[in-house]
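**Student:** The following comprises the amino acid sequence and a computationally predicted model.
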Amino acid sequence: MSNPCLQCGACCAFFRVSFYWSEAEPFLSGTVPPELTEPLTPQRVAMRGTLCAPARCTALDGEVGEAVSCAIYPKRPSPCRELEPWDAAGQPDEKCTRARAAHNLPPLDPTQDKPLSPGTPWPNAA
């Protein structure tokens with residue numbers, strides 16, 4: 001079973017990735033490298049590269065739609081952990097489909113892309 005995210009990366013080059021500042025504060029057990037964030041509000045930060053269009057997260061390696069990986073995958077922020085390619089019914093997620101469309105990529109096909117059960121981690125995820 002392959003991970004369609006490893007050939008996509010559209011979400012990382014489409015959405016603003018903002019989250020509570022403590023996720024990037026080592027003193028508070030935050031895991032996101034603070035040098036890869038920038039202030040958004042007094043309470044929120046964003047991943048560098050996602051505040052302006054065209055967005056592209058600084059942690060995204062590779063070419064969108066070809067082969068990609070996340071340089072901080074085990075330390076990625078909560079919005080990245082929460083975004084899934086499939087919804088609870090096993091259909092392509094609306095946010096994923098929207099990001100893919102912005103990069104002229106077709107929606108995922110449940111008959112070909114083999115969705116996993118919701119919440120199941122992808123094997124060998126980057």
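**Tutor:** Alright, I've got the coordinates. Residues are numbered from 1 along each chain as shown.

**Student:** From now on I want contacts and neighbour counts done on CA atoms only, so please keep to that.
**Tutor:** Fine.

**Student:** quick one: which helix or strand includes the most centrally placed residue in the chain?
**Tutor:** In the chain, the centroid-proximal residue (C-alpha atoms, centre = their mean) is C80; its distance is 4.2 Å. C80 is located in helix 78-82, with elements delineated by DSSP states H and E.

**Student:** where does the chain dip in pLDDT?
**Tutor:** 1-2, 113-126 (pLDDT under 70).

**Student:** give the contact list for P85.
**Tutor:** 5, 92-93, 96, 108 (C-alpha atoms under 8 Å, 6 or more residues apart in numbering).

**Student:** how much space between the residue nearest to the centre of the chain and E94?
**Tutor:** 15 Å (C-alpha to C-alpha, to the nearest Å).

**Student:** go on, T41?
**Tutor:** Distance from T41 to E94, by C-alpha to C-alpha: 27 Å.

**Student:** Tell me which of those two has more neighbours.
**Tutor:** More crowded of T41 and E94, by other C-alpha atoms under 10 Å: E94, with 14 against 11.

**Student:** next one: phi and psi at that one?
**Tutor:** Phi and psi for E94, reported as degrees, to the nearest 10, are phi -60, psi -40.

**Student:** Nearest residue to it in space, please, no chain neighbours.
**Tutor:** In space, and not counting its chain neighbours, E94 is closest to D87: 7.9 Å by C-alpha to C-alpha, 6 or more residues apart in numbering.

**Student:** so that neighbour makes contact with D93?
**Tutor:** Yes. If you go by C-alpha atoms under 8 Å, D87 and D93 touch, sitting 4.8 Å apart.
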